[in-house]
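*Asks:* sequence unknown, structure follows:
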């Protein structure tokens, strides 16, 4: 079973907004929205930038949009706080239940190896593998993470679980993977017909996985 990490297991919205508040009180949510606007454009650049660069530049642009002066020493605040972004509270119990049911677990993440290594130490369950943007040479919703994982592991049974409809559900559907959408933000999907199972968070995930596998 593969998981997106940030947004699915880690509360990255809280991490970005709280980090922004440290520098610019009252601007956390606005800078989070600005970050989200700029990140996809940076991830589509060529040559492919490292995620640490994406974090810094997207945040710098979000601050500029708001007319906020970002000191050079503060520009990498998101990368600096990244290891401390919180794990969603239900993650430990649900992933432990999947482990007990015999599933192997892996991460497919739009992240750098060095950054996600800190996060893996904080996750309450050990993951068997991780595919980063550095490994796949691409950012989701590109299929690169998925094709890289398939080439390495050749899984006979494979379910993908993620919060992002665009970055994860769309490519998983295109590749014919069983999939569970974790709709934490109560979003309306672009095409609901591509969704096989929907949960508001990870509670009840083992049963949902069995239903699509």
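*Replies:* Great, that's in hand. What you are looking at is a predicted structure, and each value in this text was computed from that prediction instead of being measured.
*Asks:* from now on I want contacts and neighbour counts done on CA atoms only, so please keep to that.
*Replies:* Fine.
*Asks:* start and end of stretch 173-181, how far apart?
*Replies:* End-to-end distance for stretch 173-181, by C-alpha to C-alpha, to the nearest Å: 11 Å.
*Asks:* what ranges does this structure have for its strands?
*Replies:* Ranges of strands in the chain, per DSSP state E, are 2-3, 106-108, 129-131, 160-162, 179-182, 198-199.
*Asks:* so how far is the third one from its chain's centroid?
*Replies:* Yep, that's strand 129-131 we're talking about. Here strand 129-131 shows a centroid-to-chain-centroid distance of 13 Å under the convention C-alpha atoms, centre = their mean, to the nearest Å.
*Asks:* list the contacts of that strand.
*Replies:* By C-alpha atoms under 8 Å, 6 or more residues apart in numbering, the residues outside strand 129-131 that reach it are 105-109, 145, 148-149.
*Asks:* quick one: which of those residues is most hemmed in?
*Replies:* residue 108 (28 neighbours; other C-alpha atoms under 10 Å).
*Asks:* so what's that residue up against?
*Replies:* 2-5, 130-132, 145-146 are the contacts of residue 108 under C-alpha under 8 Å, 6+ apart.
*Asks:* ok, residue 77 next?
*Replies:* 19-20, 56.
*Asks:* what residues does residue 201 make contact with?
*Replies:* Taking C-alpha under 8 Å, 6+ apart, one finds 90, 182-184 in contact with residue 201.
*Asks:* coming back round to it: dump the contacts of strand 129-131 to a markdown table, plus pLDDT and distance to residue 98.
*Replies:* Formatted as a markdown table, the contacts of strand 129-131 follow (pLDDT from 0 to 100; distance: C-alpha to C-alpha, whole Å):
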| residue | pLDDT | distance to residue 98 |
| --- | --- | --- |
| 105 | 98 | 9 |
| 106 | 98 | 12 |
| 107 | 98 | 14 |
| 108 | 98 | 17 |
| 109 | 98 | 20 |
| 145 | 98 | 22 |
| 148 | 97 | 23 |
| 149 | 98 | 20 |
